[in-house]
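>>> Any chance you can model this:
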Amino acid sequence: MADLSSEHNPESLVEEQSDGDIRDFIAQVPLMAPAAIADELEKLGYKGQTDQRRALSLMAYRHVRRLKRLYVDGEEWSALPPKQNILMLGPTGCGKTFLVELLFQHILKLPTVIVDITSFTESGYIGDDARTILTRLIINAGGNANLAACGVICLDEFDKIASSSSNSRLAGQGTTKDVSGYGVQRELLGMMHGADVIVPMDYGFSEYGYRVQVSTRDLPFIACG
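This is a model prediction of the structure:
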């Protein structure tokens, strides 16, 4: 019978690793030139979308190069250019999330999570708390919060949280709360810019559940809409 103890003990999902382990992991991630990444995507069956494929390949190269300078070369964080977030636009079915999946999960093999943003609401309301995106990323990173901070987050259906129907643009303004639109935008803004986020490992179901801290300063966000 499968061991279900981790479902009742979120702390058991978190694995501690030393800085050396993170450095070894980053060292083995391939540093491929953007053109080589684009070619590899085509070999794996991704056809068309040439400009978009090249743009995401360049973003991936910069991300891996930045991680290697931080963890392998030991450069100071303040000496590096900021991380790069990216927005991909296109009709449904054109291959946006498939491109992210192939590149980061199959070629670079970095911790990656792809989420449908429409299921998220502002903290304290029914629906997924935006911070649980990081919970999923930590689990995909084998429970290692430090390794998760080197990964990639893809926010699918990102345009769906743009709302013009609510007049509560500032906290306390009006009487209507836009908990799944502007509220989520506020939750995501700090994470996308770069912050130390307290992440609920029980998906926020308990106010007193186990929490870990994750830095998003080196964590790129890819928004698809």
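
>>> And the pLDDT at the residue nearest the centre of the chain?
With distances taken as C-alpha atoms, centre = their mean, Ile153 lies nearest the centre of the chain, 1.9 Å away. On pLDDT, Ile153 comes in at 92.

>>> Now it: which helix or strand?
Using DSSP states H and E, Ile153 falls within strand 152-156.

>>> Which stretches in this structure count as strands?
86-88, 112-116, 120-121, 128-129, 152-156, 196-200, 211-215, 221-224 (DSSP state E).

>>> returning to that earlier point: residues in contact with the residue nearest to the centre of the chain?
Ile153 makes contacts with Thr112, Val113, Val115, Ile133, Leu134, Leu137, Leu219, Pro220, Phe221, Ile222, as judged by C-beta atoms under 8 Å, 6 or more residues apart in numbering. For every residue, glycine as well, the C-beta is placed using N, CA and C.

>>> Can you get me a residue count around the first one?
The number of residues packed around Thr112, counting by other C-beta atoms under 10 Å, is 20.

>>> Look up how far Ala79 lies from the residue nearest to the centre of the chain.
Applying C-beta to C-beta, to the nearest Å, the value for Ile153 to Ala79 is 25 Å.

>>> Just name whatever secondary elements the helix of greatest length in the chain is in contact with.
Longest helix in the chain by number of residues (criterion: DSSP state H): helix 50-71. If you count contacts as 3 or more C-beta pairs under 8 Å, 6 or more residues apart in numbering; DSSP states H and E, helix 50-71 packs onto helix 19-28, helix 34-43, strand 86-88, helix 96-100.

>>> quick one, it and strand 152-156 angle?
150 degrees (axes from the mean of the first three to the mean of the last three C-alpha atoms, to 10 degrees).

>>> Pull out the buried residues from helix 50-71.
If you call a residue buried by 16 or more other C-beta atoms under 10 Å, then helix 50-71 has these buried ones: 52-53, 56-61, 63-64, 66-71.

>>> Just give the number of residues close to the closest residue to His106 other than its chain neighbours.
Once flanking residues are discounted, His106 sits nearest to Leu44: 6.7 Å by C-beta to C-beta, 6 or more residues apart in numbering. Neighbourhood size, Leu44 [other C-beta under 10 Å]: 11.
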